[in-house]
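*Asks:* no sequence for this one, just the structure:
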């Protein structure tokens with residue numbers, strides 16, 4: 001029999017908000033962590049997969065433990081990216097809908113700092129922050145975190161690898177008497193070191209939903225390609241999943257830009273995000289992805305943290321990630337909330353041996369994806385070519401005399417005959433160009 005939120009100590013006001021959000025049964029991590037946070041005083045390290053309700057696992061008990069009679073900041077929640085920070089903030093606002101006395105502020109980067117400074121002049125109980133912006137506000141003496149009671153690190157494995165300097169300076173500012181709650185999907189050595197250095201000797205370790213780090217419901221597959229055919233294989237795959245929502249991960253910002261341009265040229269419904277984009281552009285792209293205006297998102301690892309979008313059918317690793325932790329977070333974007341999903345990794349022959357390492361460390365199994373044959377690739381490229389023609393806007397600067405002459409050439413052809421001739425011309429051109437590109441022996 002499933003436990004209800006009342007059985008694990010959540011009060012009536014929060015239960016009412018959860019009911020309005022149609023959240024009735026706690027997840028495994030929530031059932032294990034919430035009673036510990038509410039009833040004990042120790043630090044907590046919680047290990048759970050992405051998409052298992054970690055925000056509510058720390059957010060609900062925090063909201064319940066806040067003393068609304070006090071006006072100082074009592075809890076700092078740190079997230080590695082703006083997207084994740086904004087998501088946590090939105091969730092906390094929803095959870096606290098029936099507790100208007102609680103004041104929550106978001107001070108994530110990527111937006112003007114002055115409005116945040118003004119906001120912090122008002123009473124605030126909980127702040128959700130990214131490390132860089134919090135460090136900036138501390139230096140400006142615009143925020144006081146010296147008396148907080150709770151310090152939450154969400155997606156901590158990302159912060160200790162990419163944002164360690166900012167994290168270290170923040171930890172120096174918060175009181176030693178604070179209670180630290182650390183949430184992570186993986187437990188690399190850097191996290192263990194952080195626990196040893198910055199958390200109390202009495203740490204409660206909670207592990208949930210970790211029967212496989214590779215996420216239940218995800219079909220892990222790989223396909224081996226030659227460098228010259230990599231893009232064509234990807235385009236064939238994407239065309240076979242038309243109308244479905246997916247994320248493509250690249251290693252670098254430059255690779256994201258290049259691939260996003262290719263998808264746009266081939267008229268795919270797509271957008272891209274990485275750390276160098278302005279926050280307004282990232283927000284607009286994410287909103288388009290969430291509401292279904294675009295179906296494909298091309299992203300770097302860090303930029304994609306915090307993307308909690310339902311019904312993501314697939315994830316493509318256009319480049320094999322550098323770390324096992326990164327693979328866990330990438331693949332965790334799909335198969336959320338009990339759904340099924342595909343994680344496809346595109347590799348070259350020399351990377352095949354790496355797949356075995358990922359299987360061993362993450363305790364998952366990769367199946368081989370059947371690569372499209374050359375004829376299917378050629379036909380798919382022809383379909384993309386036809387789609388580009390269909391979506392091309394007419395050039396109204398063409399003279400009427402010229403248009404009339406062209407029409408005269410084609411006027412005796414039926415639609416079917418014209419299509420056959422245009423297609424034959426396209427195939428002849430592509431065949432000629434491919435033969436020219438082949439190396440001579």
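*Replies:* Perfect, thanks for sending it. Only a predicted model underlies this, so the values are computations on that prediction, with no experimental measurement involved.
*Asks:* how about the strands of the chain, start to end?
*Replies:* With strands called from DSSP state E, the chain shows them at 43-48, 75-78, 104-107, 126-129, 150-153, 179-184, 203-208, 218-224, 245-249, 270-273, 296-299, 312-317, 341-347, 367-368.
*Asks:* out of these, which is closest to residue 288?
*Replies:* Nearest of the strands of the chain to residue 288, taken as C-beta to C-beta: strand 270-273 at 5.9 Å. C-beta: built from backbone N, CA, C; applies to glycine.
*Asks:* now residue 106, nearest residue through space, not along the chain?
*Replies:* Sequence neighbours aside, residue 89 is the residue nearest to residue 106 in space, at 4.0 Å (criterion: C-beta to C-beta, 6 or more residues apart in numbering).
*Asks:* so how far is residue 354 from the one you found?
*Replies:* From residue 89 over to residue 354 the distance is 37 Å, taken as C-beta to C-beta, to the nearest Å.
*Asks:* more neighbours, those two?
*Replies:* residue 89 (23 against 14; other C-beta atoms under 10 Å).
*Asks:* any idea of the mean pLDDT in stretch 184-199?
*Replies:* Averaged across stretch 184-199, pLDDT comes to 81.
*Asks:* other residues contacting that stretch?
*Replies:* Stretch 184-199 has contacts (C-beta atoms under 8 Å, 6 or more residues apart in numbering) with 43, 45-50, 153, 155-157, 160-161, 164, 171, 180, 182, 203, 213, 323-325, 328-329, 332.
*Asks:* filter these down to the buried ones and hand me the PyMOL line.
*Replies:* Buried subset of these, written as a PyMOL selection, criterion 16 or more other C-beta atoms under 10 Å:
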select buried, resi 43+45+46+47+48+49+50+153+155+156+157+160+161+171+180+182+213+325+328+329+332
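*Asks:* now residue 243: how far from residue 268?
*Replies:* 11 Å.
*Asks:* same question, residue 335
*Replies:* On the measure of C-beta to C-beta, residue 335 and residue 268 end up 23 Å apart.
*Asks:* same check on residue 227?
*Replies:* For residue 227, the distance to residue 268 equals 21 Å [C-beta to C-beta].
*Asks:* counting neighbours, go ahead and name the busier of these two.
*Replies:* residue 268 (20 against 7).
*Asks:* before we move on, back to that, list residues touching both of residue 243 and residue 268?
*Replies:* residue 295.
*Asks:* neighbouring contacts of stretch 343-358?
*Replies:* Contacts of stretch 343-358 (C-beta under 8 Å, 6+ apart): 218-227, 230, 233-234, 237, 314-320, 324, 327, 330-331, 334, 364, 366, 369.
*Asks:* please pick the buried ones from these.
*Replies:* Counted by 16+ other C-beta under 10 Å, these give 218-225, 230, 233-234, 237, 314-320, 327, 330-331, 334, 364, 366, 369 as buried.
*Asks:* how about the helices in the stretch 101-250 of the chain?
*Replies:* Under the criterion DSSP state H, counting those that start in this stretch, the stretch 101-250 of the chain contains helices at 114-119, 131-139, 156-162, 164-173, 189-198, 230-240.
*Asks:* got a list of what the closest residue to residue 296 other than its chain neighbours touches?
*Replies:* Spatially, and ignoring its direct neighbours in sequence, residue 296 is nearest to residue 270 (3.9 Å; C-beta to C-beta, 6+ apart). Listed by C-beta under 8 Å, 6+ apart, the contact partners of residue 270 are 260, 263-264, 294-298.
*Asks:* most surrounded residue in these?
*Replies:* In the contacts of residue 270, the most neighbours by other C-beta under 10 Å go to residue 298, 30 neighbours.
*Asks:* so that residue touches residue 258, yeah?
*Replies:* No. Applying C-beta atoms under 8 Å as the test, residue 298 and residue 258 come out as separate, 9.5 Å apart.
*Asks:* tell me the one of the contacts of residue 270 nearest residue 54?
*Replies:* When the contacts of residue 270 are compared for distance to residue 54 (C-beta to C-beta), residue 297 comes out closest, at 21.7 Å.
*Asks:* quick check: the residue lying closest to residue 169 once chain neighbours are set aside vs residue 79, distance?
*Replies:* Distance criterion C-beta to C-beta, 6+ apart; nearest residue to residue 169, sequence neighbours excluded, is residue 135 at 5.5 Å. For residue 135, the distance to residue 79 equals 14 Å [C-beta to C-beta].
*Asks:* the two: who's more crowded?
*Replies:* Ranked by neighbour count (other C-beta under 10 Å), residue 135 and residue 79 place residue 79 first, with 29 against 20.
*Asks:* residue contacts, that one?
*Replies:* The neighbourhood of residue 79, defined by C-beta under 8 Å, 6+ apart, consists of 85, 88, 108, 128-130, 154-155, 305-306.
*Asks:* where's it relative to residue 21, distance?
*Replies:* Taking C-beta to C-beta, one finds residue 79 at 20 Å from residue 21.
*Asks:* just checking, what packs against the lowest-mean-pLDDT helix or strand in the chain?
*Replies:* Taking mean pLDDT, DSSP states H and E as the measure, the chain has helix 156-162 as its least confident helix or strand, at a mean of 71. In terms of contacts (3 or more C-beta pairs under 8 Å, 6 or more residues apart in numbering; DSSP states H and E), helix 156-162 is packed against strand 179-184, helix 189-198, helix 324-331.
*Asks:* turn those into JSON lines, columns for distance to residue 39.
*Replies:* Converted to JSON lines, the helices and strands packed on helix 156-162 look like this (distance: least, C-beta to C-beta, whole Å):
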{"stretch": "strand 179-184", "distance to residue 39": "13"}
{"stretch": "helix 189-198", "distance to residue 39": "21"}
{"stretch": "helix 324-331", "distance to residue 39": "30"}
